[in-house]
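>>> Quick check, what structure comes out for this input:
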Amino acid sequence: MVVQVAVELGDGIVVPDDEIELSAIRSQGAGGQNVNKVSSAIHLRFDVRASSLPLKLKQRLLKLHDSRISDRGVVVIKAQQFRSQEMNRVEALQRLREMVQMAMQRRKRRIPTRPTLGSTERRLERKSIRGKLKQLRRSIDD
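As a prediction, this is how the structure comes out:
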């Protein structure tokens, strides 16, 4: 069974219902008869490249080093934490929302700094002490 939904991902970005595919599947692991009979896990698929997201956001999403994004640019999320299908659906959509939020954040630009005069002097002092120690280890014949 495939269910279509529209999702608001934050900052006014809304993904139409035909771009997110949610399917109910059977959960893995222990659970007895409930696991064998009820399809409570949710399998979410979202094709980033074919989506209506802004181009910059698509590029950032695809650059994320996340194992949930395939080589073809499809986000695959499996939610099976809860016994309820509805709770798992909410969880899967929340994970997609968090992934998009991560991609929307701009990384703070690093401002290069120089070492202080004191730290440079301490480093050089440690180097000279270490060199003298090694010099004392040499044989006297040299």
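
>>> got the contact list for the closest residue in space to L53 that isn't next to it in sequence?
In this structure, L53 finds its nearest non-sequential neighbour in I13, 6.8 Å apart by CB to CB, 6 or more residues apart in numbering. (C-beta placed from N, C-alpha, C; glycine too.) By CB atoms under 8 Å, 6 or more residues apart in numbering, the contact set of I13 is 53-54, 57, 100.

>>> Repeat that for R137.
Here R137 is in contact with no residue (CB under 8 Å, 6+ apart).

>>> just I77 next, same as before
Counting by CB under 8 Å, 6+ apart, I77 makes contact with 43-44, 46, 68, 92, 95-96.

>>> cutoff 7 Å now
Going by CB atoms under 7 Å, 6 or more residues apart in numbering, I77 touches 44, 68, 92, 95-96.

>>> Ok, S39 next?
Counted by CB under 7 Å, 6+ apart, S39 has contacts 24-26.

>>> Pull out the buried residues from those residues.
Listed as buried from the contacts of S39 are A24; burial here means 16 or more other CB atoms under 10 Å.

>>> ok, the contacts of S39 vs L61, which is closest?
Lowest distance from L61 to these (CB to CB) belongs to I25, with 24.1 Å.

>>> Go ahead and confirm the closest one touches S40.
No. Judged on CB atoms under 7 Å, I25 makes no contact with S40 at a distance of 8.7 Å.

>>> In a markdown table: the contacts of I13, plus neighbour count and secondary structure.
Listed next are these as a markdown table, based on neighbours: other CB atoms under 10 Å; DSSP: H, G, I helix; E, B strand; the rest coil:
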| residue | neighbour count | secondary structure |
| --- | --- | --- |
| L53 | 20 | coil |
| P54 | 11 | coil |
| L57 | 17 | helix |
| V100 | 23 | helix |
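
>>> Before I go, just wanted to say thanks for your time.
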